[in-house]
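J.: here are the coordinates; sequence isn't available:
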């Protein structure tokens, strides 16, 4: 699904995916979910975080070892 959403498929692969989505309700639902999630993440990432909240989150972070 990710290469399809990223438009990283060849023309023939993209066409095959399109045909599959036309016939598979499970994959259509998954596609809609993934596309909506990407849209949500794009919008959420553009919002400014309250500096106090950001400081609290940074304080909760554990260092990588």
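T.: Good, I have the coordinates. Keep in mind it's a predicted model, so treat the numbers as computed, not measured.

J.: what about residue 42, helix or strand, and which?
T.: Element membership for residue 42, per DSSP states H and E: helix 25-46.

J.: Now do the same contact list for the most centrally placed residue in the chain.
T.: The residue lying closest to the centre of the chain (C-alpha atoms, centre = their mean) is residue 38, at 3.4 Å. Going by C-beta atoms under 8 Å, 6 or more residues apart in numbering, residue 38 touches residue 5. No exception for glycine: its C-beta is placed from N, CA and C like everyone else's.

J.: For the helix holding residue 42, what is the distance to the chain centroid?
T.: 6 Å (C-alpha atoms, centre = their mean, to the nearest Å).

J.: Buried ones in that helix, by neighbour count?
T.: By neighbour count with 16 or more other C-beta atoms under 10 Å, helix 25-46 contains the buried residues residue 31.

J.: pLDDT averaged over it - what is it?
T.: Averaged over helix 25-46, pLDDT sits at 92.

J.: ditto for stretch 7-17
T.: Mean predicted confidence for stretch 7-17 is 95.

J.: burial count for residue 17?
T.: 17 (other C-beta atoms under 10 Å).

J.: before we move on, what about residue 4?
T.: Residue 4 - counted by other C-beta under 10 Å - has 19 other residues nearby.

J.: Quick check: the gap between it and residue 10.
T.: 11 Å (C-beta to C-beta, to the nearest Å).

J.: Ok, residue 39 next?
T.: Distance from residue 39 to residue 10, by C-beta to C-beta: 25 Å.

J.: List the contacts of the one helix or strand residue 20 maps to.
T.: According to DSSP H and E, residue 20 maps onto helix 11-23. With C-beta under 8 Å, 6+ apart as the test, helix 11-23 has contacts from 3, 4, 7, 9, 27, 28, 31.
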